[in-house]
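no sequence for this one, just the structure:
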């Protein structure tokens, strides 16, 4: 309150100073207004006084007033129109700075009424004699297009922009180019195609442009697709001089252009050689810059070396780490050195890596040791030298060095089985000192793999099993597998040991993954030991150095985006920009065309609704459900499975189609329905309730028709809306007489990703994910890790019907996921009322089906309740009681929350604000604090909360009223978790 009162007083004082006749006093007042505006204070109340200051010839005041106008014009649209005449007059001023400022301000005012007055001054400024005015007018067109695209087209501004590409001033050319590019990104059809003729015109302005202008021109050149080698050679020759530019951004953008052109140039060997040498020297020069620039250069060099391995092979010493390099630079240099490793330089690299392994930075030491292992895998002829280097490191007896060597040796044994076994004896000496989970797991794997070569392998494993229940999950899994291997190779020595381990794993361990694997081994060993030996001890595929590289599709995309965020983070561009368009030859090739998606969704949703009606009619006549039974009902599918030839539709309802046509269709359909019933997909609520307690994902059953998941029980829920009523009676005014109305700002918390499916259950695919809310939309952020030995692709996703009707859009993930690689996807999940089951239960769980390379895997997640809460809810304190009374009393739930540790009012308000729960007001009742909150869901339903804080008992009395009473238990659990957090 003090700050607010102080600000009001200062604004009043500023108001008086703004109308002062003294120019200096007025100028200082305007500066103070802009200072307040800069730090986020609302000074829109001074709009009239500030605009009155515009009638001056003082350039400094004009600049400040224009800045203020751009900020608050959208809030004061009616008053903003009054200043249009002054702006139009300023576009005719003798001073080009004032003309440019005026046209820039008119373009930046986000008021549609102003656009009518903008066209004529803008047209004049486009032909202004001064280049500063012309280049400002060019950018103004893109701003106008963003506000009113049709007006720009009808007024013919596109043609004016295209003519400006040939302007004599390079600043005008670069600004016109930027404007055209921005319009291209927003429009459905390209208005400007970067062909060879246009790019030659643009490149003529390259040398005289500013650094910013050069980057924009080079960006355009990178998008050009020459029709032949001759055109590519011309572009390269014009761009090569800029590889020696002092600005690193210009250099890297030029590198991107040259790399794109080198893919086309095949005959002109001299130019390729000259260009390659220039590229390598330019990239090496960047390594002498500041650490931040070095890091960005190294991240891009990593990609370039993968595409052109020989380009920097002679510059290997330039990537050696210096003593004063920051750790993030050293780590990137190690990656690049591994990429550049070859038979010629492996000896010098090994000496460097061994030297680094004796440093004090543990993180750097670990990565240096891993680099030795990668070199061994990459260059088989140097593997023996690498093994000797690792043996020398073991002799140091440094704990973290030895542990990292163990991890690396495991990979070497996977690449070269039955070789370099002399390392095993040395490693076994340090078994007791291993405390790192990964190192211990690796050592156990080595013992299990070579238990027939290690004399006391049974003793080593038995000693480790003594602490089996205390070990981490990963160590337990490896220990179980190693014990099975020992039993299969030495049955007489390990008979008691295998019995002990399996008994402990099945009876004393809570982890379901470990327990399931133990049961699997138990049954396998009991029924067919010969087959068990073939399965467990079978020869596995060898690892390759290619595992450390990106696949060709991903690599091409990353190189194409040098030096943008995509190439620095090594992630696809769609993770940073939702829509990335590439225009080639006048066609719009959109990576994520929203219009096409919407059209396909509309057409397919209509087909889907017809299918749903037909299926529901069939099921209602053929299916009888006993609501009291507690056993699962198995039924045969009445519809034939749909078949397609390995195609996946972008719409979620036809995501996964049958690729195996079995002769015995009925048995296949029965297996399908049994699997779906186990998951609770496409079931009545009674069946769902009885099966929720024992859900199993039977991976051996064949899933043939995933459309069933999404096309059952899709009935609309009728939403009840609250009609706002502003009338309040005397009782209400008395009730809220002691209330304080306070403003609350929301900043929703981000839900961390969690493990949803382990690779042991997911057929080698690990799933991590979380439901999150961003930009007023719900997303399912997904990370998929491929732990199989083969690439996976053909991804598709579907949700079962759920309480809030979340339905995912298409899962977009380019290319394939290579072994050990993790890829991320951000799936938009809009609310679809047809996806809410008819008799929904108060359950937030969402069952999810994912298809990868023809495999169907199932998992579930429970999204946090706050992702369904919208941000723009506004309820005044005088209206709260009206809303409360409009909700029936039977929709109210009263609960007590005990053991609340912190009863501070402001703290609770802060917690709720972070969860998108609106604080309405509060009041005092004796020593009790009573708080009132409101929450509005995406479905349109509103829930109101009353919290009575009983501080002396650390207890909260919670009263909830919801339009949809199903939400009440979920809200209670949600609030309970917040208060006990």
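Noted; the coordinates are in hand. These numbers come from a predicted model, not from an experiment. Residues are numbered from 1 along each chain as shown.

which residues in the stretch 201-350 of the chain form strands?
For the stretch 201-350 of the chain, strands defined by DSSP state E, counting those that start in this stretch do not occur.

which residues of it fall in helices?
211-223, 229-239, 248-262, 269-286, 291-307, 327-340, 346-356 (DSSP state H, counting those that start in this stretch).

which one of these is the most hemmed in?
helix 248-262 (a mean of 23; mean count of other C-beta atoms under 10 Å). Where you see a C-beta, it was placed from the backbone N, CA and C, and this is true even at glycine.

what does that one contact?
With C-beta atoms under 8 Å, 6 or more residues apart in numbering as the test, helix 248-262 has contacts from 211, 214-215, 218-219, 221-222, 226, 232-233, 235-236, 239-240, 242-245, 272, 275-276, 279, 282-283, 285-286, 289, 293, 296-297, 300, 304, 307-308, 559-563.

What's the mean pLDDT across that helix?
In this model, helix 248-262 carries a mean pLDDT of 93.

from here on, count from 33
Fine by me, first position is 33 from now on; the one you just mentioned is helix 280-294.

what separates that helix from the chain centre, distance-wise?
The chain centroid and the centroid of helix 280-294 are separated by 27 Å under C-alpha atoms, centre = their mean, to the nearest Å.

how far off helix 261-271 does it point, in degrees?
On the basis of axes from the mean of the first three to the mean of the last three C-alpha atoms, to 10 degrees, helix 280-294 is oriented at 160 degrees to helix 261-271.

tilt between helix 280-294 and helix 243-255?
Using the same axes, to 10 degrees: helix 280-294 against helix 243-255 is 20 degrees.

and the angle from helix 280-294 to helix 301-318?
Interaxial angle of helix 280-294 relative to helix 301-318 (the same axes, to 10 degrees): 160 degrees.

Quick one: end-to-end length of stretch 921-940, please.
With C-alpha to C-alpha, to the nearest Å as the measure, stretch 921-940 spans 26 Å from end to end.

hmm, who's touching that stretch?
By C-beta under 8 Å, 6+ apart, stretch 921-940 touches 954, 961, 963, 979, 981, 983, 985-997, 1000-1001, 1004, 1007-1008, 1011-1012.

Among these, name the ones in helices.
Residues of those located in helices (DSSP state H): 1000-1001, 1004, 1007-1008, 1011.

Need those in TSV (columns: neighbour count).
Formatted as TSV, these follow (neighbours: other C-beta atoms under 10 Å):
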residue	neighbour count
1000	19
1001	15
1004	18
1007	24
1008	18
1011	22
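
ok, and the closest non-adjacent residue to residue 532?
Leaving aside its chain neighbours, residue 532 sits nearest to residue 497 (6.6 Å; criterion: C-beta to C-beta, 6 or more residues apart in numbering).

Filter the contacts of stretch 921-940 down to the buried ones and hand me the PyMOL line.
Buried members of the contacts of stretch 921-940, defined by 16 or more other C-beta atoms under 10 Å, are picked up in PyMOL with:
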select buried, resi 954+961+963+979+981+988+990+991+992+993+994+995+996+997+1000+1004+1007+1008+1011
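
What about the contacts of stretch 921-940, which are in strands?
Judged by DSSP state E, the subset of the contacts of stretch 921-940 located in strands is 954, 961, 963, 979, 981, 987-994.

quick one on the thing from earlier: which pLDDT value belongs to the residue nearest to residue 532?
Residue 497 carries a pLDDT value of 88.

now swap in the one 4 residues further on and tell me
Per-residue confidence for residue 501 comes out at a pLDDT of 89.
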